[in-house]
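A.B. asks: my questions concern the predicted model and sequence given below.
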Amino acid sequence: MTAMAPSASNTVAASLDASGDDAGLSAATPWRDFWSAFKENRGALIGLAAVLAIALVAIFANVLAPHSPYEQFRDAVKAPPVWADGGSWHFILGTDGLGRDMLSRLIHGARVSLFIGVAVMSVSFVLGIAIGLAAAFFGDVADVLISRVMDLIMAVPSLVLAILVVAVLGPSLTNTIVAVTIVYLPRYVRLVRAQAMAELTKEYVTAARVVGVGTLRLMFVTVLPNCLAPLIVQAALGVSDAILEAAGLGFLGLGAQPPLAEWGTMLADAREFIRSNPWLVTLPGLAILITVVSINLAGDGLRDALDPKMRKS
Amino acid sequence: MLRHLLKRLALTIPTFVALMFLTFVAIRLVPGDPVEVRVGERGISPERLAYFRHELGLDQPLWRQFIDYVMQLAHGDFGTSFVTNARVASEFLALFPATIELSLCAMLLAIAIGIPAGALAAVKRGSFYDQTLMTLSVTGFSMPIFWWGLLLIMFVAERWGLTPVSGRIDLIKYYFEPTTGFMVIDAALSGQKGAVLDALHHLVLPAIVLGTVPLAVVARMTRSAMLEVLHDDYVRTARAKGLSPLAVIGQHALRNALIPVVTVIGLSVGSLMAGAVLTETIFSWPGVGKWLIESIGRRDYPSLQGGVLLVSTVVILVNLGVDVLYGLINPRIRHGQ
């Protein structure tokens, strides 16, 4: 997939460098190479900017939200947003069925959704590397066992498996993360395994073995850095998948539980007001869509910039 | 070819065993004793509890229970629903046609629009049309379909009154016994005037919702597969010998570009089933997905267990079928090892 640098002491940057073959530009700074390829893609830039903005909103939710996401304004239940008739600047995006400020809930929802996405991604990333490398390096029984388990997880439709996990563990934010991680883990494991297996046939690995590099060092220091580029892309796109899946679980009532402001759960709560108060349905979904689109745009840009074959075309 | 087939088949067997193990373990991890869950609020004397536990084989060691479970499955017994006391397999079979009907229509929609749209985008690469389509594709791919469904209900069904809100057919106007389980076919068989049209009318929104993500994927895949073959030698040869652009694109380029696209379509059965769970819930579509969700709500664990097992089995078998078909289409595999 990516061209590999035959050095035993690679860094991520070096493996990016190996794939960055923009001739003419200085090859000394791989990050600049990467950035110059990335910034050519307008969609990716917009996506990245939006992701950063959403991340800032999530981090500073406490400061930015005009109200508490849980406070119920009993005298202003289902207040319309400011642009509609009867709307006021006090509740810019209106209030929900219990009189809670929508804008504040959406802002805090960004925190929940991004937290789920990043948590799933980090756990899958680490476990994927550990399990994938184990399959590639220890071969035989370990490989067969790991591959079959991953096949099994892939064979069960994602949401159905997540539902089964939640049914066993009970619905909660933590269990949502567990369920979605289990669902998406095989993608990381397979990627790492395939990448590492391809690397293992290369001469620098043989060379390292001959010099007597230990297995653990060989796995994590010699081979792993050369497998990272596609894994980073997978991780970026994995965040958006996790957010969508978690929102779906929340919508089905199997994810984060009320009163937590989670976008999917908010949508489920708003279903009964679909006729009378359409913005209650529109806004949380829009928040999910914008977040997921932004991450996907940025992730696509990342992939194109890391993959020299895509970059040329 | 035969070896390829047998190898694939052999690889499926451990997956099946693991799947049975997964559903077996999952159901035993669910909090609460199955008998007590079944009895519910009424309560039960310890003697009766022990009796029922023995009846259900729950006093046996776990490995014994697993073997019994596998034997039951081998006899086609997927358990009995706690709630309806019906066989899980027969409930599944009664509901599955609704899910197939919906999924097929969604997929047809995705193929019918996605392939030509993607091919055209590749030919007109970089144009306004191409950019618009790719933007739409990213949006479709990122769509939270449960929200998309609610939006369509809100506008198309409620505000503009163009389609029904939920269900498979107007039950007040039309009633007939299901023969095939496919509403459109049953409606045609019933001979009632307007029934087929009404069934199709009910299908439109759910099919659009379930078809949105596959449509985005198919359009994108077709575009990139086309871009790859458009530079190939045989396409240049076809152009050079003076074939019309339509013949070059349609007969030479698209035909080869479609091989990976067909594979992706076939392998998306799993994600279609996942999408069906959400779509059926939104539109009250009486299929397998809605049934699974309801089983959780009712704590009907045998239905959940059997349902997950059956849905996954279907997905595994379809994927296997796609793999074999792929071998048949792709000469490299057909003539290879």
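C.D. replies: Structure's in. What do you need?
A.B. asks: residue ranges in chain B under the pLDDT threshold?
C.D. replies: Confidence mapping of chain B against pLDDT under 70 gives the ranges B:1, B:32-34, B:36-43, B:329-337.
A.B. asks: closest point of it to chain A, which residue?
C.D. replies: B:W147 (2.9 Å; CB to the nearest CB). (Glycine included, C-beta is placed from N, CA and C.)
A.B. asks: show me the contacts for that residue.
C.D. replies: Residues in contact with B:W147 (CB atoms under 8 Å, 6 or more residues apart in numbering or on different chains) are A:267, A:281, A:284-286, A:288-289.
A.B. asks: spatially nearest residue to the residue nearest to the spatial centre of chain B (excluding sequence neighbours)?
C.D. replies: Chain B has B:M273 as the residue nearest its centroid, 3.1 Å off, counting by CA atoms, centre = their mean. For B:M273, ignoring the flanking residues on the chain, the nearest one in space by CB to CB, 6 or more residues apart in numbering or on different chains is A:P157 at 4.0 Å.
A.B. asks: contacts only, for that neighbour.
C.D. replies: Under the criterion of CB under 8 Å, 6+ apart, the neighbours of A:P157 are B:270-271, B:273-274, B:277, B:311-312, B:315.
A.B. asks: let's see 10 Å
C.D. replies: Residues near A:P157 by CB atoms under 10 Å, 6 or more residues apart in numbering or on different chains: A:163, A:183, B:269-277, B:289, B:292, B:308, B:311-312, B:314-315.
A.B. asks: again, but for B:S284
C.D. replies: Applying CB under 10 Å, 6+ apart to B:S284 gives the contacts B:165-168, B:206, B:290.
A.B. asks: and if we set it to 8 Å?
C.D. replies: B:S284 is in contact with B:166-167, B:290, counting by CB under 8 Å, 6+ apart.
A.B. asks: list only buried entries from these.
C.D. replies: B:K290 (16 or more other CB atoms under 10 Å in any protein chain shown).
A.B. asks: please tell me how far A:L64 sits from A:V118.
C.D. replies: Distance of A:L64 to A:V118, given as CB to CB, to the nearest Å: 19 Å.
A.B. asks: so which of the contacts of A:P157 belong to helices?
C.D. replies: A:163, A:183, B:269-277, B:289, B:292, B:308, B:311-312, B:314-315 (DSSP state H).
A.B. asks: so the residue nearest to the centre of chain B sits against A:V160, correct?
C.D. replies: Yes. Using CB atoms under 8 Å, B:M273 makes contact with A:V160 at a distance of 6.5 Å.
A.B. asks: just give the number of residues close to residue 163.
C.D. replies: Reading this off chain A. 27 (other CB atoms under 10 Å in any protein chain shown).
A.B. asks: could you do chain B instead?
C.D. replies: Neighbourhood size, B:T163 [other CB under 10 Å]: 17.
A.B. asks: count of neighbours near A:V221?
C.D. replies: 15.
A.B. asks: that one and A:A142, how far apart?
C.D. replies: Separation of A:V221 from A:A142 (CB to CB): 20 Å.
A.B. asks: can the stretch of helix or strand B:A225 belongs to be found next to chain A?
C.D. replies: Counting by DSSP states H and E, the element that carries B:A225 is helix B:195-230. Yes. For helix B:195-230, a contact with chain A is found by CB under 8 Å from any CB of the partner chain, at B:L227.
A.B. asks: got the buried residues for that helix?
C.D. replies: Residues B:195-196, B:198-199, B:202-227, B:229-230 are the ones in helix B:195-230 that count as buried (16+ other CB under 10 Å).
A.B. asks: tell me the pLDDT of A:I59.
C.D. replies: For A:I59, the model assigns a pLDDT of 94.
A.B. asks: residues making contact with stretch A:263-279?
C.D. replies: Taking CB under 8 Å, 6+ apart as the rule, stretch A:263-279 contacts A:78, A:80-81, A:84, A:93-94, A:96-97, A:102, A:105-106, A:109, A:112-113, A:246-253, A:255-258, A:280-281, A:284-285, A:287-288, B:144, B:146-147, B:150, B:153-154, B:158.
A.B. asks: please indicate which of those residues are buried?
C.D. replies: Taking 16+ other CB under 10 Å as the criterion, what is buried in the contacts of stretch A:263-279 is A:78, A:80-81, A:93-94, A:96, A:102, A:105-106, A:109, A:112-113, A:246-253, A:255-257, A:280-281, A:284-285, A:287-288, B:144, B:146-147, B:150, B:153-154.
A.B. asks: and A:R100, how close does it get to chain B?
C.D. replies: Distance, A:R100 to chain B, by CB to the nearest CB, to the nearest Å: 19 Å.
A.B. asks: look at that residue and say how many residues are nearby.
C.D. replies: A:R100: 23 surrounding residues under other CB under 10 Å.
A.B. asks: so what's the nearest residue in space to it that is not next to it in sequence up against?
C.D. replies: In this structure, A:R100 finds its nearest non-sequential neighbour in A:Q72, 5.7 Å apart by CB to CB, 6+ apart. Going by CB under 8 Å, 6+ apart, A:Q72 touches A:98-100.
A.B. asks: now A:Q72: phi and psi?
C.D. replies: Backbone torsions of A:Q72, given as degrees, to the nearest 10, read phi -100, psi 120.
A.B. asks: check which helix or strand the closest residue to chain B within chain A maps to.
C.D. replies: At 2.9 Å from chain B, A:G285 is the closest residue in chain A, using CB to the nearest CB. Here A:G285 sits within helix A:279-306, counting by DSSP H and E.
A.B. asks: show me which positions of that helix end up buried.
C.D. replies: For helix A:279-306, a neighbour-count test (16+ other CB under 10 Å) marks A:279-306 as buried.
A.B. asks: how about stretch A:178-197?
C.D. replies: Buried residues in stretch A:178-197, counted by 16+ other CB under 10 Å: A:178-197.
A.B. asks: how about stretch A:67-80?
C.D. replies: A:67, A:69, A:72, A:78-80.
A.B. asks: which residues sit against stretch B:129-139?
C.D. replies: For stretch B:129-139, the surrounding residues in contact (CB under 8 Å, 6+ apart) are A:43, A:289, A:293, A:296-297, A:300, B:117-118, B:120-122, B:124, B:216, B:219-220, B:223.
A.B. asks: list the buried residues in that stretch.
C.D. replies: In terms of neighbour count (16+ other CB under 10 Å), stretch B:129-139 has its buried residues at B:130, B:133-134, B:137-139.
A.B. asks: got it, and stretch B:59-75?
C.D. replies: For stretch B:59-75, burial by neighbour count (16+ other CB under 10 Å) applies to B:65-66, B:69, B:73.
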